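> I would like the atomic coordinates for the input below:
(4 chains)
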Protein chains: 2
Amino acid sequence: MSASASAESQTQGRAGRPAPEHTHPDEVSLTAALAALADPVRLYLIRELARSADWERTCGSFDVPIGKAALSHHFAVLRGAGLIEQRDAGTKRANRLRRAEFDRRFPGLLGAVLREGAADAGVPSRSR
Amino acid sequence: MSASASAESQTQGRAGRPAPEHTHPDEVSLTAALAALADPVRLYLIRELARSADWERTCGSFDVPIGKAALSHHFAVLRGAGLIEQRDAGTKRANRLRRAEFDRRFPGLLGAVLREGAADAGVPSRSR
DNA sequence: GCGATGGTTCGATGATGTGCGAACATCGAC
DNA sequence: GTCGATGTTCGCACATCATCGAACCATCGC
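Predicted coordinates for the structure are as follows:
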């Protein structure tokens, strides 16, 4: 960090919170992207985010049968795969699906995954 | 190759060999499909099979830096994900990518994965 | 028959992933 | 300042996965 506080702009750069590290889809390997998508919980999160407007959903607004710790981990994985962007909003954390960027990096991939309707849809079950 | 006039059936239903169990793409969950694709070795196999004609490549014809046991395992995974079909050909085992069937089940998925060119392409490295 | 080739199966092993609970940090509200 | 809500981080347990070497089995060619 430099002397003058930089970029306190739209992303609501507050001090204190780790200020989530983001990975751009361009820096993500196909294997990593597929691995990030190959999980029922994360798939569900992606699907829900795709149905919602940007920044509409906070991390806690998802009905998943896991604890906070595990959920936080899943969001970190999605972030690391360039699939979502996060922004601090007060005490909560808002999310957005990086559809355009991810689509440019992996054309058709997200579309194919989201097109898959009812099969794996719904709240993921407890069994892996 | 056509010299073998055993003519039991083309899928070679012989006794002895396990006669590889196949899973149709229709019975595969999206999660399972993605998990099967989310591995450098398997991704390489799929890519190579996509470049080759049906039944052209045998299991041992791939240049991968792993032992036979691991390779056999990977083929089993691909089979279980409905991605490939295998047929016994004498002492070898021939493979084919189930492109059409898989495409009907997951439209665009294989295309998106194969479209991804040089990034993860080539012989997979030793590091997972 | 015999041996060589090509794959599969069987443990074992190390790595990775997913889950939890507890402790901690930050923010908004009072 | 204190409290409650929201997430993150830290071990830790447990399951799954990828890999290996060795044993095994079926087939082909001789």
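> chain neighbours aside, what residue packs nearest to the residue positioned nearest the centre of chain A?
Centroid-nearest residue in chain A, with C-alpha atoms, centre = their mean: A:Ile84, separated by 3.2 Å. Nearest residue to A:Ile84 in three dimensions, chain neighbours excluded: A:Leu78, at 4.6 Å (C-beta to C-beta, 6 or more residues apart in numbering or on different chains). From N, CA and C alone the C-beta is placed, and that goes for glycine too.
> any idea which helix or strand carries the one you found?
Using DSSP states H and E, A:Leu78 falls within helix A:68-80.
> in the helix or strand that that helix is followed by, what counts as buried?
Remark: after helix A:68-80, the chain's next helix or strand is strand A:84-89, criterion DSSP H and E. Applying a neighbour-count criterion of 16 or more other C-beta atoms under 10 Å in any protein chain shown, one finds A:Ile84, A:Glu85, A:Gln86, A:Arg87, A:Asp88 buried in strand A:84-89.
> just want the angle from strand A:84-89 to helix A:68-80.
If you take axes from the mean of the first three to the mean of the last three C-alpha atoms, to 10 degrees, strand A:84-89 sits at 120 degrees to helix A:68-80.
> relative to strand A:84-89, what are the paired strands and their orientations?
Counting by DSSP bridges, the strands paired with strand A:84-89 are strand A:92-97 (antiparallel).
> who touches the partner strand?
Here strand A:92-97 makes contact (C-beta atoms under 8 Å, 6 or more residues apart in numbering or on different chains) with A:20, A:46, A:49-50, A:54-60, A:75, A:83-88.
> go on, stretch A:23-43?
A:46, A:64, A:66, A:70-71, A:74, A:77-83, A:98, A:101-102, A:104-106, A:109, A:113, A:120, A:124-125, A:128, B:30-31, B:34-35, B:37-40, B:43, B:113, B:116, B:119-120.
> now do the contacts for the residue lying closest to A:Arg98 once chain neighbours are set aside.
Spatial nearest neighbour of A:Arg98, excluding adjacent residues (C-beta to C-beta, 6+ apart): A:Glu85 at 5.5 Å. By C-beta under 8 Å, 6+ apart, the residues touching A:Glu85 are A:His22, A:Arg79, A:Asn95, A:Arg96, A:Arg98.
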